[in-house]
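coords below, sequence missing:
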RNA sequence: GGAGAGGUGGCAGAGUGGCCGAUUGCGCCGCCUUGCUAAGGCGGUGUACCAGAAAUGGUACCGGGGGUUCGAAUCCCCCCCUCUCCGCCA
């Protein structure tokens, strides 16, 4: 969340931020929060004075004679009743303030483009050459089923729509690209993490997915736990509630995990193939560092570069877009999406999402560090980006590297994970 | 799942109803002594909020929530977590 003081001092900027994100009801939360804050601050001096009075009076108890004591107790009981009323009011106001404050979105940075949805994201740069096929390329689902690598029918029968079964070499390719992603990031100094997939509400709240993302989340009601939609949740929460030393930072983590998304409200969208599914594997990079805006921006460039390195190694054309306000999530200050060329869509499709948050998540997670000089406790900055999400990344891998005969050429970087083979699949008739 | 023991400041660890925001040690910061280092001496050192230009003052916080009481770190209830033992099981 944002610092209440910051909201108080910059209400217009905060409100404008919510408007830029196209979240009018969240802009209203700014005014509600400020109103509650004003009400609370109006009553606090009185409340504090009353508490002080009661506290000091209580300390004289021992010095009183029995007669005095009786009168004293009567007076104290009156104070108590009066105090209880005010304290109840205070508690209610604080709860309301907290609820409103947690709704206020992070303020988008100046480099976030204006726009209402993903059609207005702004391209930053492109890499790679989109292949010009000298045959009619197959969509990954046709190719995959023809090769016996993909089974949507049986998956739907046992698990419902938006599920899949990967079989044979495609299951290996899936694992290969994920493993390559982990190895790449470990080589770049990231610490590998295998996190919990089921987390408490506090972790969902702390990373900014709750409130708001409940409908997208599979929940185990019996245990009050949530299946993660991204390992950003457990990994960013890793040091929640901790006081880190500045010397320990930055923390750079790479996690491979299963991810689960209900995809509520997407009926009829991307129904075919591997693009939008309920369960997938993702390798995610997370950075926790000191509260320094310039350093956050540098990290942001670095985590984008890490993802680019993977796509380049996979020889996949991609483009980077700056996500516009209307397509930006509540907790993010700025986000780049990386979109990879998908021939069956005739377009680039989102495969990566790189966000910087500044201290928005850290405040919610109570994730702080002690500054080296001065020793002041300060909220950290957090960032994250996909390294590889599969099976979605299999779409461009299969479609861009397919050959006329239906076999698929493997980029050299992935070959070691598939026994050194240069292609997978058999010639199709 | 059953039984027991615990959760206190950056860390360790006292504290069982008012004298406790909390002894002490470590760590950290400043100064002093010592030509470096080691060691030592003195002082300081939690977070949030409110008021204030500031100095400072006030309030809240001892895992979380509720209760008893004039008054709770301390007593009671619920929940969470950790440890030990037992059971069950990948």
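Received it, and whenever you're ready, just let me know what you need. Just so it is clear, the model here is predicted, and its values are computed rather than measured.

The residue of the stretch 251-400 of chain A found nearest RNA strand B: neighbour count?
Residue nearest to RNA strand B within the stretch 251-400 of chain A: residue A:377 (4.3 Å; C-beta to the nearest atom of the strand). No exception for glycine: its C-beta is placed from N, CA and C like everyone else's. Neighbours of residue A:377 under the rule other C-beta atoms under 10 Å: 10.

Who are the contact partners of it?
Neighbour list for residue A:377: A:243, A:368, A:369, A:370, A:371 [criterion: C-beta atoms under 8 Å, 6 or more residues apart in numbering].

need those residues in TSV with secondary structure, can you?
Output for the contacts of residue A:377, formatted as TSV (DSSP: H, G, I helix; E, B strand; the rest coil):
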residue	secondary structure
A:243	strand
A:368	strand
A:369	strand
A:370	strand
A:371	coil
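
picking up where we left off before, quick check: the residue of the stretch 251-400 of chain A closest to RNA strand B vs residue A:244, distance?
Per C-beta to C-beta, to the nearest Å, residue A:377 is found 10 Å from residue A:244.

what's around the residue nearest to residue A:354 when sequence neighbours are not counted, how many residues?
Leaving aside its chain neighbours, residue A:354 sits nearest to residue A:385 (3.6 Å; criterion: C-beta to C-beta, 6 or more residues apart in numbering). Using other C-beta under 10 Å, the number of residues around residue A:385 comes to 26.

Let me know the helix or strand that residue A:385 is in.
strand A:381-390 (DSSP states H and E).

average pLDDT across that strand?
Averaging pLDDT along strand A:381-390 gives 97.

and it, which strands flank it?
strand A:279-289 (antiparallel), strand A:347-358 (antiparallel) (DSSP bridges).

first to last residue in stretch A:312-328, what's the distance?
26 Å (C-alpha to C-alpha, to the nearest Å).

gap between that stretch and the chain center?
Here the centre of mass of C-alpha atoms in stretch A:312-328, compared against the chain's by C-alpha atoms, centre = their mean, to the nearest Å, lies 17 Å away.

Tell me the buried residues in the longest helix along chain A?
What stands out as the longest helix in chain A, according to DSSP state H, is helix A:66-103. Neighbour counts using 16 or more other C-beta atoms under 10 Å place A:72, A:79, A:83, A:93, A:96, A:97, A:100, A:101, A:102, A:103 of helix A:66-103 among the buried residues.

Excluding chain neighbours, what is closest to the last one?
If the residues on either side of it in the chain are set aside, residue A:103 comes closest to residue A:29, at 4.0 Å by C-beta to C-beta, 6+ apart.

so what's the one you found scoring on pLDDT?
In this model, residue A:29 carries a pLDDT of 94.

okay, now it: neighbour count?
For residue A:29, the neighbour count with other C-beta under 10 Å is 21.

Distance of residue A:207 relative to RNA strand B?
Per C-beta to the nearest atom of the strand, to the nearest Å, residue A:207 is found 18 Å from RNA strand B.

would you list every one of the helices in chain A?
Under DSSP H, chain A gives helices at A:4-9, A:11-20, A:24-58, A:66-103, A:140-146, A:152-159, A:169-187, A:201-206, A:232-236, A:293-313, A:360-365, A:394-401.

winner for burial among those?
helix A:232-236 (a mean of 28; mean count of other C-beta atoms under 10 Å).

Other residues contacting that one?
Helix A:232-236 is contacted from outside by A:193, A:195-197, A:199, A:203-204, A:206-207, A:209, A:228, A:253, A:255, A:257, A:284, A:286, A:288, A:361, A:365, A:367, A:382, A:384, using C-beta under 8 Å, 6+ apart.

Buried among those? Need that as a selection in PyMOL.
Entered in PyMOL, the line below selects the buried ones among the contacts of helix A:232-236, by 16+ other C-beta under 10 Å:
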select buried, chain A and resi 193+195+197+199+203+204+206+207+209+228+253+255+257+284+286+288+361+365+367+382+384
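
Excluding sequence neighbours, find me the nearest residue to whatever residue of the stretch 151-300 of chain A ends up closest to RNA strand B.
Closest contact between the stretch 151-300 of chain A and RNA strand B, by C-beta to the nearest atom of the strand, is at residue A:243 (3.9 Å). Excluding its sequence neighbours, the residue lying closest to residue A:243 (C-beta to C-beta, 6+ apart) is residue A:368, at 5.3 Å.

Please spell out which residues along stretch A:130-141 are buried.
Quick answer for stretch A:130-141 (16+ other C-beta under 10 Å): A:137, A:138, A:139, A:140, A:141.

Tabulate those residues (TSV), appending distance to RNA strand B.
Formatted as TSV, the buried residues of stretch A:130-141 follow (distance: C-beta to the nearest atom of the strand, whole Å):
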residue	distance to RNA strand B
A:137	43
A:138	40
A:139	38
A:140	34
A:141	34
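
so which of those residues would you say is closest to residue A:310?
Closest approach to residue A:310 among those (C-beta to C-beta): residue A:140, at 18.5 Å.

could you measure the residue nearest to that closest one when sequence neighbours are not counted against residue A:273, distance?
With C-beta to C-beta, 6+ apart as the criterion, residue A:140 has its nearest non-adjacent residue at 4.3 Å, and that residue is residue A:398. The gap separating residue A:398 from residue A:273 is 10 Å, by C-beta to C-beta.

between these two, what contacts are shared?
Among the neighbours of residue A:398, those also in contact with residue A:273 (C-beta under 8 Å, 6+ apart) are residue A:140.

Report pLDDT for the residue lying closest to residue A:409 once chain neighbours are set aside.
Counting by C-beta to C-beta, 6+ apart, residue A:401 is the residue found nearest to residue A:409 once chain neighbours are left out, at 4.6 Å. Residue A:401 is assigned 98 on the pLDDT scale.

Measure how buried residue A:314 is and give me the count.
Neighbour number of residue A:314 under other C-beta under 10 Å is 25.

Looks like it contacts residue A:177 (just checking).
Yes: Residue A:314 lies in contact with residue A:177 (C-beta atoms under 8 Å); the separation is 6.9 Å.
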